[in-house]
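Undergrad: with the sequence up front, the predicted model follows.
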Amino acid sequence: MKKIHKNNQLQALILELNVLSNQENVPLWKRLANDLSKPTRQRRIVNLYKIEQYARDNEIVVVPGKVLGVGEVKKKLTIAAFNFSDEAYEKIKQVGEAISINELMKKNPQGKNVRVLG
């Protein structure tokens, strides 16, 4: 079995985001590709309490980086990110939905009603 490294997944995601941005003419996907292209130290890291503070109920939130589990989420949100800590993933699943950016691209190719945090 061949192991897939995060770097290969990231490069494939960036390519898919650029392709979708050009196909659908949606600047959101281009912005996410640019944010994910940055070095690891410059990528976004967002705690749950920040998401709770800035997001509205039943909203789609994208974090072009990692979501950490500090804080609580009480609103029903769909949160898409490149990576989740285990604690954040469990807390989000209790009240909402935690998905990958790939899944968001398939569900919402037009990028409608999406808030970027981080």
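TA: The structure has been received and is ready for your questions. Numbers count the residues shown, from 1 in each chain.
Undergrad: what is the least confident helix or strand in the protein?
TA: helix 6-24 (a mean of 91; mean pLDDT, DSSP states H and E).
Undergrad: dump whichever helix or strand comes after that one to PDB, restricted to CA.
TA: Using DSSP states H and E, the next helix or strand after helix 6-24 towards the C-terminus is helix 27-36. This file holds the C-alpha atoms of helix 27-36, laid out as PDB (Å, rounded to 0.1, in the frame of the first residue of the first chain):
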ATOM      1  CA  PRO A  27     -12.600  34.100  -7.100                       C
ATOM      2  CA  LEU A  28     -13.200  32.300  -3.800                       C
ATOM      3  CA  TRP A  29     -11.400  29.100  -5.100                       C
ATOM      4  CA  LYS A  30      -8.500  31.100  -6.400                       C
ATOM      5  CA  ARG A  31      -8.100  32.900  -3.000                       C
ATOM      6  CA  LEU A  32      -8.200  29.600  -1.200                       C
ATOM      7  CA  ALA A  33      -5.500  28.100  -3.500                       C
ATOM      8  CA  ASN A  34      -3.300  31.200  -2.900                       C
ATOM      9  CA  ASP A  35      -3.800  30.900   0.900                       C
ATOM     10  CA  LEU A  36      -3.000  27.200   0.800                       C
END
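Undergrad: now do the buried residues in helix 27-36.
TA: Across helix 27-36, burial judged by 16 or more other CB atoms under 10 Å covers 28-29, 31-33, 35-36. The way it works is simple: take the backbone N, C-alpha and C, and place the C-beta from them, glycine included.
Undergrad: give me the mean pLDDT for it.
TA: Averaging pLDDT along helix 27-36 yields 95.
Undergrad: packing partners for that helix?
TA: When contacts are defined as 3 or more CB pairs under 8 Å, 6 or more residues apart in numbering; DSSP states H and E, helix 27-36 packs onto helix 6-24, strand 60-68, strand 114-116.
Undergrad: can I get those in a markdown table with mean neighbour count and distance to residue 80?
TA: Below are those laid out as a markdown table (neighbours: other CB atoms under 10 Å; distance: least, CB to CB, whole Å):
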| stretch | mean neighbour count | distance to residue 80 |
| --- | --- | --- |
| helix 6-24 | 15 | 11 |
| strand 60-68 | 23 | 5 |
| strand 114-116 | 16 | 8 |
